[in-house]
Structure formats: C-alpha cells, structure tokens
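A.B. asks: sequence plus the predicted model coming up.
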Amino acid sequence: MGLDVNTVFQIAGLGIIVAMLHTVLKMIGKEDYAHWVTLLGFVVALFMVISLLDDLFQKVKDVFLFHS
Amino acid sequence: MISWIGALAILSATTITGFEFAKRVRERPKRLRELKVTLQALEAEIMYGSTPLNEAFQHIGKPLKEPLSSFFLTISDLLNQGVLSVQEAWEKELSVLAKETSFKSGEIEVLRQFGATLGRHDKEHQQKQIQLTLAHLNREEKEARDIQERYEKMCKSLGVLMGLLIIILLL
C-alpha cells in the first residue's frame, strides 16, 4: 500500500510541475514547446499508470489461478 | 536520507544552470551599451583630438571593463608593434572577443565591417562610418533587450522546474 500512495503522489507532482512548465512556456510565447512538454508529461504519467495496471492484472490472474 | 541529498544536489545543479543562462542573456545588452559608449568616445578622439589610432585605442580601452578593455588595449599593442595593419589586428582580436563574450554573430559582423573601414578614410568619412555602426548597434541592442525581457525569467523558472521534474521522476 505504501508503494501505491508514493506513486500517486509522484503522478500528482508530475502533473503540477508540467502544468507550471506549460504556463511559463505559454507566457513566454513558445506555445508549441508548451504543448510538447504537456504531451511528454502525459506519456510519462501513462507509463506509471500502466505499471500499476500491470500489477493489478497480475494480481487478478493470481487470485483466479490463471497460471500461464 | 541519501535520496534527499541527491534530490537537493539535482535541484541546485539545475537551478544554477538556469541562473547561468539568465546571466548570459542579461549580459548582452549591457555589453552592447558599453560598446556604443566606447565607439562614441572613439569618434570624439578622432574628430576633436585627431589622435592616431593606437593612442586612441589606448585612451578608450583603459577605463573599460575586462573583455572590451583587453580588446582595445591588445589592438593598441599590436599597432605599436607595427607588424599588422589595423584591419588585420582588429579581425584577430575580434575573433578572440567573439569567443569570450556573449556577443552574437550579428554585432560581430557589424564590428568586422567597421574594422574594415578603420584608418582608411578622412575624418568626415570615419565619422559617418562610426555613425552607421552606432545605428546598427542600436538596433542590435533593442533586439537584445527584447530577448532579455522575454527569456531571463524563463531561464530561471525553467531551471528550477526542470530540477523538480527530474526529482519527481526519479523519486
């Protein structure tokens, strides 16, 4: 459980910082870079979520004894 | 415990990098203004003092700050040795100056063209060339100040935010 909370906080922090980066870059007038940074942050967050989901599915498999 | 120390190290490193970039951006308009004042002093030396170039460079180079000061003083020394022509000495030192300072290729090119006219014409032509160079430098300075206003803050905040991002990714 401790690990999960840590990852959730990590994703939250990632979101906050990417949002700040987006604001700064937009303020400067580099909107294209801002969009790229946001997209990259989104992809990284997705990777974190995917690893969590993988754990979940593994657990489901284990519970229902689907051993491959 | 160890990871927090590492996080602090990363954060300080990226912050310092951001501030360094901001400093480089801030430096350029300042140097350009110094250069303009120097060219005006050179114009006064030529127009009212009719000083030879080596002495004039000596006079205007002494009160300046470091990179520009050594630029003019070294040219003066080279001219005193009498081996190189004005244009050759100017070009040689200009390539050194381009490496050391935050000048961009625009103003270096302006200065190179100015150096090609030094010591070739009479006083009136020389004054016109100096005025032309000053006009070019004015434009470059305006552009540099524009860039400074936009990019100085961005460099600072980008440094800090990048550090935080890396920390969160690694944590």
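C.D. replies: Cool, got the structure.
A.B. asks: get me the contact residues on chain B for chain A.
C.D. replies: With Cβ under 8 Å from any Cβ of the partner chain as the criterion, chain B meets chain A at residues B:150, B:151, B:153, B:154, B:157, B:158, B:161, B:164, B:165, B:168, B:169, B:171. Yep, even glycine has a C-beta here, placed from its N, CA and C like the rest.
A.B. asks: from those residues, which one has the minimum pLDDT?
C.D. replies: Note: of the residues of chain B next to chain A, the lowest pLDDT belongs to residue B:171, at 78.
A.B. asks: so that residue touches residue B:7, yeah?
C.D. replies: Yes. The pair residue B:171 / residue B:7 is scored as a contact, 7.1 Å apart, by Cβ atoms under 8 Å.
A.B. asks: tell me the mean pLDDT over the longest helix along chain A?
C.D. replies: Ranked by residue count, the top helix of chain A under DSSP state H comes out as helix A:31-63. Averaged across helix A:31-63, pLDDT comes to 90.
A.B. asks: what's the answer for stretch B:93-110, then?
C.D. replies: The pLDDT scores in stretch B:93-110 average 79.
A.B. asks: buried sites along that stretch?
C.D. replies: Of all the residues in stretch B:93-110, those buried under the rule 16 or more other Cβ atoms under 10 Å in any protein chain shown are B:93, B:94, B:97, B:98, B:101, B:102, B:103, B:107, B:110.
A.B. asks: ok, now which ones touch the fifth one?
C.D. replies: If a contact means Cβ atoms under 8 Å, 6 or more residues apart in numbering or on different chains, then residue B:101 has B:27, B:31, B:67, B:68 as its contacts.
A.B. asks: give me the phi and psi for it.
C.D. replies: Main-chain torsions, residue B:101, degrees, to the nearest 10: phi -110, psi -180.
A.B. asks: re earlier: show me which pair in the buried residues of stretch B:93-110 is furthest apart.
C.D. replies: Greatest spatial distance in these: B:93 and B:102, 16.8 Å, computed using Cβ to Cβ.
A.B. asks: so residue B:140, which of the three states?
C.D. replies: Assigned with DSSP: H, G, I helix; E, B strand; the rest coil, residue B:140 falls in the helix class.
A.B. asks: that one - nearest residue in space that isn't next to it in sequence?
C.D. replies: residue B:107 (4.8 Å; Cβ to Cβ, 6 or more residues apart in numbering or on different chains).
A.B. asks: I figured the one you found hits residue B:138, correct?
C.D. replies: No. Between residue B:107 and residue B:138 there is no contact under Cβ under 8 Å: 10.9 Å.
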